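S.K.: Prediction below, plus the sequence it came from.
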Amino acid sequence: MAPGRISPNPTVLTSSGTQVPLFSANNSAATAPPLHSPQPIYHGYHSITWWVGNAKQAASYYVTRMGFQEIAYSGLETGSRSFVSHVVANGYVRFVFTSPLRPSLDRAASRGQQDVAATGKDQWKLEQMHVHLEQHGDAVKDVAFEVDDVRGVYSAAVARGAIGVMEPVVLRDEKDGDVLAASVRTYGDTTHTFIQSLSYSGAFLPGFRAVEVVDPMNKSLPACQLDLIDHCVGNQDWDKMEEACEL
């Protein structure tokens with residue numbers, strides 16, 4: 001269920017009772033989408049990423065309790081030595097559960113461990129993840145959107161006050177193709193990632209491998225069919241709603 005493999009046929013029921021396409025008819029991975037289009041097209045939610053203490057356990061819960069199926073994985077076996085991620089899907093709903101494989105530098109130092117540090121961006125992300133888990137517990141970290149022009153959407157968001165977290169970058173998989181991605185932050189700790197499939201045909205995103213084994217529980221339990229993510233809510237602290245809206 002990579003961006004380029006999403007079916008162009010699903011529709012959404014509007015308040016007037018009419019059916020409208022969920023995705024643009026020209027959303028195709030056959031050719032690279034145009035860059036800097038006058039009005040970038042939003043195709044829908046791509047995925048929701050959770051930072052959790054135990055990614056495998058969290059994914060298993062959604063499989064056995066809510067009818068999801070694991071579709072992709074990233075971890076030690078795929079070359080990721082700092083993080084492990086399990087991707088589950090039900091209809092067009094995709095959740096990514098990610099956990100750290102290394103301790104924070106402070107915790108490692110308190111244990112006398114000097115050789116557990118990751119390098120570069122991985123270490124920065126590890127520190128952020130441990131702080132996030134301490135403050136929020138298992139919680140959503142990123143809401144990703146599928147768009148046809150990452151550069152245009154990113155530039156417009158930053159121009160309107162969003163904080164750039166990751167400038168547009170090509171994520172490459174030698175076998176399955178490329179994805180263009182960028183991330184911003186608006187308020188709080190949650191980020192928003194924009195994803196544009198350039199030529200990608202893999203299971204989820206570059207760096208992940210497909211999971212084709214069906215959990216036995218999926219065969220034993222009745223189906224719990226979901227269609228798509230309708231909306232996401234960003235909670236605000238007391239008396240902070242107007243402040244957030246003004247950002």
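M.R.: Now that the structure is in, tell me what you want to look at. Numbering: from 1, shown residues only.
S.K.: List the residues that contact residue 241.
M.R.: Listed by C-beta atoms under 8 Å, 6 or more residues apart in numbering, the contact set of residue 241 is empty. The C-beta positions use only the backbone N, C-alpha and C, and glycine is treated the same way.
S.K.: Secondary structure element for residue 217, which one?
M.R.: Assigned by DSSP states H and E, residue 217 belongs to helix 216-220.
S.K.: no, scratch that, I was asking about residue 227
M.R.: Short version, using DSSP H and E: residue 227 is in no helix or strand.
S.K.: hey, which helix or strand in the protein has the poorest pLDDT?
M.R.: strand 11-13 (a mean of 45; mean pLDDT, DSSP states H and E).
S.K.: just how off-centre is the longest helix along the chain within its chain?
M.R.: Secondary structure of the chain per DSSP state H: the longest helix is helix 120-136. Offset of helix 120-136 from its chain centre (C-alpha atoms, centre = their mean, to the nearest Å): 16 Å.
S.K.: Low-confidence bits of the chain, can you list those?
M.R.: In the predicted model of the chain, residues 1-38, 107-118, 247 satisfy pLDDT under 70.
S.K.: What segments of it are helices?
M.R.: Using DSSP H, helices in the chain cover 55-66, 105-110, 120-136, 150-159, 216-220, 241-246.
S.K.: who does the third one touch, helix- and strand-wise?
M.R.: In this structure, helix 120-136 makes packing contacts with strand 42-51, strand 83-90, strand 93-100, helix 105-110, strand 139-147, judged by 3 or more C-beta pairs under 8 Å, 6 or more residues apart in numbering; DSSP states H and E.
S.K.: Okay, angle between the second one and helix 55-66 too, please.
M.R.: With axes from the mean of the first three to the mean of the last three C-alpha atoms, to 10 degrees applied, the angle from strand 83-90 to helix 55-66 works out at 10 degrees.
S.K.: neighbouring contacts of strand 83-90?
M.R.: So strand 83-90 is in contact with 1, 47, 55-56, 58-59, 62-63, 66-76, 94-101, 122, 125-126, 129, 203-204, 208, 211, 224-226, going by C-beta under 8 Å, 6+ apart.
S.K.: Grab the CA positions of it and hand them over as CSV.
M.R.: Taking C-alpha atoms only, strand 83-90 is exported to CSV below (Å, rounded to 0.1, in the frame of the first residue of the first chain):
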residue,chain,number,x,y,z
PHE,A,83,14.7,2.1,15.6
VAL,A,84,12.2,-0.6,14.9
SER,A,85,8.9,0.1,13.1
HIS,A,86,5.9,-2.1,12.4
VAL,A,87,3.3,-0.8,9.8
VAL,A,88,-0.2,-2.1,10.0
ALA,A,89,-3.1,-1.3,7.7
ASN,A,90,-6.9,-1.7,7.5
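S.K.: Flag every buried residue along it.
M.R.: Using 16 or more other C-beta atoms under 10 Å as the test for burial, strand 83-90 gives 83, 84, 85, 86, 87, 88, 89, 90.
S.K.: Tabulate the helices and strands packed on helix 120-136 (a markdown table), appending distance to residue 244.
M.R.: Supplementary listing: these in a markdown table, determined by distance: least, C-beta to C-beta, whole Å:
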| stretch | distance to residue 244 |
| --- | --- |
| strand 42-51 | 20 |
| strand 83-90 | 29 |
| strand 93-100 | 25 |
| helix 105-110 | 31 |
| strand 139-147 | 15 |
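S.K.: Relative to residue 61, how far out is residue 80?
M.R.: 22 Å (C-beta to C-beta, to the nearest Å).
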